[in-house]
Each structure stands twice: as structure tokens, then as C-alpha cells.
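> Next one to model:
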Amino acid sequence: MLVFLFDRWSEWPAWARWTSGIGAIVLLDSVRAAWGERDFVAGVAETFAAYLLYYGGLAGALAAGAWIGSKIAKASSKDWLGWLIGIVTVAVLWLGLANITDHIPGVSWRMKAMGGGDCHAEWDGWSNPVVCDESQP
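Sure thing, here's the model as predicted:
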């Protein structure tokens, strides 16, 4: 049964395999992050939404900045103008998304925790595991 499902999944287009693989990883990490919460299902949904908005928003802003920057550079024949417009586009979209998501209950504090810098690497003599100080409101 699992072999059959894997074979069917292998036939999907590359973008669908990547999207489903990343989605599965994000879902599993959302389950891990919400494991000890009182309302587990809501915690998984909020964590999943926070991951998508945080990392997906950044990827979308970078893609939009690259796209509009290349269009401006090609239209104006000035690479510096394309770079400038692209960087400004990324900043405006990323900061705009951050301001919008500040008002989503349950998701905003999770996104702030992701970008809060509460994580650091600890040398244990063998590897550098990332350790995060978990603080919830």
C-alpha cells in the first residue's frame, strides 16, 4: 500500500512533489510545536498558518521583488534602478505583511517568536544544535 502511494506520488510534477513534501514537514513541525497545548487542534492550525505566513510571505516578497526589479531594469536599461525598486518592493511587502499579521490572534505571537531571536546554537562537543527559549504569552 505504501509503495503504491509512493509510486503515485512520484508521478506528480516536480512542483507538486516539492510543495507536498514541504507541506508535510511544516505540518509535522506544527504538530510538534503544539503538542503540549491545551487546545491541540487550534495550536496545530495556528502554528501551520504562522509558518506559512512567515516563510511563505518572505519567499513571496523576495519573488515579487526579483520579478518587479528585473522588469524595471529591463524597461529602463538601468540595473541599479531595478535593484533599488526590487529591494524597496521586498521591504514594503515584508513589513506590510508583518503589520497585517500583528492582528491575527494566536498567529501573531508565534510569528514574533519565530523572528524574535530567542534561538541560539550551543556547542555540545559533537554538533551545534539550535536551542530556542520557548516563551508564550
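
> For stretch 19-36, the averaged confidence score.
In this model, stretch 19-36 has a mean pLDDT of 88.

> quick one, phi/psi of the residue of the chain most remote from its centre?
Distance to the chain centre peaks in the chain at Ser77, reaching 33.2 Å (criterion: Cα atoms, centre = their mean). Backbone torsions for Ser77, taken as degrees, to the nearest 10, come to phi 60, psi 30.

> what do you get for Trp94?
Per-residue torsions, Trp94: phi -70, psi -50 (degrees, to the nearest 10).

> same check, this time on the one 4 residues further on
As for Ala98, its main-chain torsions (degrees, to the nearest 10) stand at phi -60, psi -40.

> Gly36 too?
Given degrees, to the nearest 10, the pair of backbone angles that Gly36 has is phi -90, psi 10.

> Tell me, how many residues neighbour Leu27?
14 (other Cβ atoms under 10 Å). For every residue, glycine as well, the C-beta is placed using N, CA and C.

> Give me the residues contacting whichever strand or helix holds Ile25.
Using DSSP states H and E, Ile25 sits within helix 14-33. Residues outside helix 14-33 that contact it (Cβ atoms under 8 Å, 6 or more residues apart in numbering): Trp9, Ser10, Trp12, Gly43, Val44, Ala45, Thr47, Phe48, Tyr51, Leu52.

> of all those, which two lie farthest apart?
The span of those, defined through Cβ to Cβ, is set by Ser10 and Gly43 at 32.6 Å.

> more neighbours, these two?
Shown here are Ser10 and Gly43; by other Cβ under 10 Å, Gly43 has more neighbours (19 against 8).

> Measure how buried Ile87 is and give me the count.
By other Cβ under 10 Å, the residues close to Ile87 number 12.

> three-state assignment of the residue nearest the centre of the chain?
With distances taken as Cα atoms, centre = their mean, the residue of the chain nearest its centroid is Tyr55 (1.5 Å). The three-state assignment at Tyr55 reads helix, by DSSP: H, G, I helix; E, B strand; the rest coil.
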